[in-house]
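Asker: just to be clear, the model below is a prediction. Sequence and coordinates:
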Amino acid sequence: MKTLLSSRKCHYISRAGILLIVVALTAGMVGCGPSPVEYALAIASTEGGSVTNPGEAMFTYEEGTVVNLVAEAEEGYHFANWTGDVDTIADVNTVITTITMNGSYFITANFVAVYDLTISSTIGGLVTVPGEGTFAYDANTVVSLNATPDTDCQFAEWTGDVGTVEDMYAASTTITMNDDYSITANFWEYTPMVTAGGVHTVRLKSNGRVVAVGDHGQGQCDVGGWMDITQVAAGYLHTVGIKNDSTVVAVGNNEWGQCDVNSWTDIIQVTACGYADASHTVGLKPDGTVVATGNNDYGQCDVNGWTNITQVSAGYTHTVGLKADGTVIAVGDITYGRCEVDDWTQIVQVAAGRYHTVGLKSDGTVVDAGWNIYGQCDVDSWTDIIQVTTYHEHTVGLKSDGTVLAVGTNLNGQCDVGDWVNIVYIVAGGYHTVGVKNDRTIIAVGRDSSDQCDVEDWMLD
């Protein structure tokens with residue numbers, strides 16, 4: 001493609017020159033009797049093309065003459081418009097047009113460079129706007145870009161010729177066409193690699209090792225020896241991990257047997273919650289059945305009859321399961337209405353807190369059940385939500401644009417997420433909230449009494 005130049009291909013004929021010619025023509029007619037009035041037409045063009053008819057020079061025509069104009073673009077350019085004395089040009093935007101000579105005129109044919117934008121994507125998503133392939137745009141055009149990840153994947157960044165991309169880490173952004181560009185939308189598959197417990201935070205590394213910060217008084221952060229881990233979950237005083245052979249390991253407080261998971265096999269998801277006075281762990285199997293261990297004072301572990309489950313979430317004294325048909329089931333403590341989920345439909349994710357439960361619907365809205373004394377259930381107005389999380393008495397929602405909402409108790413600043421942007425995953429702890437950004441860095445707000453928010457140096461690898 002051509003590079004747009006600031007210089008012009010041809011010299012412009014000055015208006016003073018045109019005036020002199022007109023004066024000379026008029027003077028030559030004095031004393032010769034009535035003669036047709038003639039006017040001068042000066043034609044030029046910008047870089048990128050030429051005027052092939054009548055040419056590029058100065059011409060004279062009798063008054064009223066209709067002159068055909070034809071402009072021709074070079075490769076890499078296209079005709080833009082006619083400018084100058086264009087009042088009598090039939091159509092200033094067409095490459096073939098006419099001008100009527102009712103005076104002396106100076107006109108220019110303008111051409112614009114055309115650049116190619118080639119767009120591709122990695123596995124895990126697609127570029128939906130403007131699409132994928134090669135597209136042609138005029139120089140300086142601002143092109144909208146929108147990358148859409150597949151389920152269980154996240155947008156990471158734009159790579160390639162990104163010098164004029166407004167935000168290389170934003171799935172929805174723009175690129176300004178000042179040259180030929182080739183860009184790629186990069187996606188990555190996201191398995192929950194960060195989890196938050198009551199007073200600790202756990203990170204799963206890409207090599208299957210695990211690190212943790214925060215309170216370790218019950219050994220819940222003793223995960224340094226774990227290997228080959230594919231998913232982690234944190235309870236109040238214990239931590240659970242799934243190994244790549246689908247077996248499960250756990251460390252921390254085991255007062256109620258919440259860490260008795262060594263015999264579990266074929267587990268594809270684990271969830272752990274509870275508090276100092278009760279705790280349990282729940283595991284989901286690939287056939288849609290569920291297992292549970294730990295405190296069962298309220299029947300929160302009575303999940304043996306569950307089938308067709310696609311996701312589980314453990315609350316304080318209750319357990320919630322999402323079924324394949326989008327309905328929800330719950331067992332455990334029924335006080336405060338936290339288990340009143342029987343009429344929920346079109347649910348795509350569930351999250352169980354201390355005394356409440358929230359569900360994300362397929363249309364991006366959120367439903368709730370349970371105790372709302374701190375406003376943790378004030379989610380009815382939420383829209384465009386793609387993930388929800390809750391633990392103690394606050395609820396957090398991730399919006400499709402990467403911003404975050406939070407409601408509920410905020411005594412420790414755990415709901416101070418209003419300025420978060422470019423977030424791809426969120427997790428609520430007991431008194432803190434953790435977010436993963438699309439550049440794979442991790443941020444946290446809330447109670448940091450045990451350094452559970454010390455994640456500034458963490459980056460998903």
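Answerer: All right, it came through fine. Numbers count the residues shown, from 1 in each chain.

Asker: in this protein, which spans are helices?
Answerer: Along the chain, counting by DSSP state H, helices occupy 15-29.

Asker: show me the shaky parts of it.
Answerer: Along the chain, the parts satisfying pLDDT under 70 run over 1-33, 152, 189-192, 461.

Asker: looking at it, which strand is longest?
Answerer: strand 105-121 (DSSP state E).

Asker: packing partners of that strand?
Answerer: strand 38-45, strand 49-53, strand 66-73, strand 77-84, strand 125-129, strand 133-138, strand 142-149, strand 181-189 (3 or more Cβ pairs under 8 Å, 6 or more residues apart in numbering; DSSP states H and E). For glycine as for every other residue, the C-beta is placed from the backbone atoms N, C-alpha and C.

Asker: of the ones you listed, which stretch is the most buried?
Answerer: Of all the helices and strands packed on strand 105-121, strand 38-45 has the most neighbours on average by mean count of other Cβ atoms under 10 Å, namely a mean of 22.

Asker: returning to that earlier point: can I get the helices and strands packed on strand 105-121 in CSV including distance to Ser381?
Answerer: Shown next, in CSV, are the helices and strands packed on strand 105-121 (distance: least, Cβ to Cβ, whole Å):
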stretch, distance to Ser381
strand 38-45, 58
strand 49-53, 56
strand 66-73, 53
strand 77-84, 48
strand 125-129, 27
strand 133-138, 39
strand 142-149, 25
strand 181-189, 30
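
Asker: among these, which comes closest to Ala276?
Answerer: strand 181-189 (35.6 Å; Cβ to Cβ).

Asker: the closest one: partners in the sheet, and parallel or antiparallel?
Answerer: Strands that pair with strand 181-189, judged by DSSP bridges, come out as strand 105-121 (parallel), strand 153-160 (antiparallel).

Asker: chain center to it: distance?
Answerer: From the chain centre to the centre of strand 181-189 is a distance of 12 Å (Cα atoms, centre = their mean, to the nearest Å).

Asker: that strand versus strand 125-129: what angle between them?
Answerer: 130 degrees (axes from the mean of the first three to the mean of the last three Cα atoms, to 10 degrees).

Asker: run through who's touching strand 181-189.
Answerer: By Cβ atoms under 8 Å, 6 or more residues apart in numbering, the residues outside strand 181-189 that reach it are 115-127, 145, 147, 149-150, 152-162, 164-165, 171, 175.

Asker: gap between the two ends of stretch 330-347?
Answerer: 14 Å (Cα to Cα, to the nearest Å).

Asker: buried set for that stretch?
Answerer: Within stretch 330-347, the residues that count as buried by 16 or more other Cβ atoms under 10 Å are 330-333, 336-339, 341, 344, 347.

Asker: and those residues as a markdown table, adding distance to Thr52?
Answerer: Putting those into a markdown table (distance: Cβ to Cβ, whole Å) gives the following:
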| residue | distance to Thr52 |
| --- | --- |
| Ala330 | 78 |
| Val331 | 82 |
| Gly332 | 83 |
| Asp333 | 85 |
| Tyr336 | 82 |
| Gly337 | 80 |
| Arg338 | 79 |
| Cys339 | 80 |
| Val341 | 74 |
| Trp344 | 70 |
| Ile347 | 66 |
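
Asker: which of the residues you listed fall in strands?
Answerer: Taking DSSP E, the ones among those that sit in strands are 330-332, 347.

Asker: farthest-apart pair in those, please.
Answerer: Among those, Gly332 and Ile347 lie farthest apart (Cβ to Cβ), at 18.0 Å.

Asker: grab the most central residue of this structure for me.
Answerer: Ala171 (3.3 Å; Cα atoms, centre = their mean).

Asker: all strands for the stretch 201-350 of the chain, in order.
Answerer: 210-214, 229-234, 238-243, 248-252, 269-272, 280-284, 290-294, 309-314, 318-323, 328-332, 347-352 (DSSP state E, counting those that start in this stretch).

Asker: these two touch, right, Val341 and Gly370?
Answerer: No - with contact defined as Cβ atoms under 8 Å, Val341 does not count as touching Gly370 (9.5 Å).

Asker: what residues are shared contacts of those two?
Answerer: Thr357.

Asker: follow-up on the earlier one: so which of the strands paired with strand 181-189 comes closest to Ala234?
Answerer: The nearest among these, by Cβ to Cβ, is strand 153-160 at 20.9 Å.

Asker: with just CA atoms, put that closest one into CSV.
Answerer: Extracted in CSV, the C-alpha atoms of strand 153-160 (Å, rounded to 0.1, in the frame of the first residue of the first chain):
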residue,chain,number,x,y,z
CYS,A,153,-11.9,-18.3,28.3
GLN,A,154,-10.8,-14.7,28.7
PHE,A,155,-9.5,-12.0,26.4
ALA,A,156,-5.8,-11.3,27.2
GLU,A,157,-4.5,-8.6,24.8
TRP,A,158,-4.0,-7.4,21.2
THR,A,159,-0.7,-8.2,19.7
GLY,A,160,1.0,-7.3,16.4
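
Asker: just the angle for that strand relative to strand 142-149, thanks.
Answerer: Here strand 153-160 points in a direction 140 degrees away from that of strand 142-149 (the same axes, to 10 degrees).

Asker: touching strand 153-160 from outside, list them.
Answerer: Counting by Cβ under 8 Å, 6+ apart, 124-125, 145, 147-149, 165, 168-169, 171, 173, 181-190, 424-425, 438-440 sit against strand 153-160.

Asker: the same query, at a cut-off of 7 Å, please.
Answerer: 124-125, 147, 149, 165, 168-169, 171, 182-190, 424, 438-439 (Cβ atoms under 7 Å, 6 or more residues apart in numbering).
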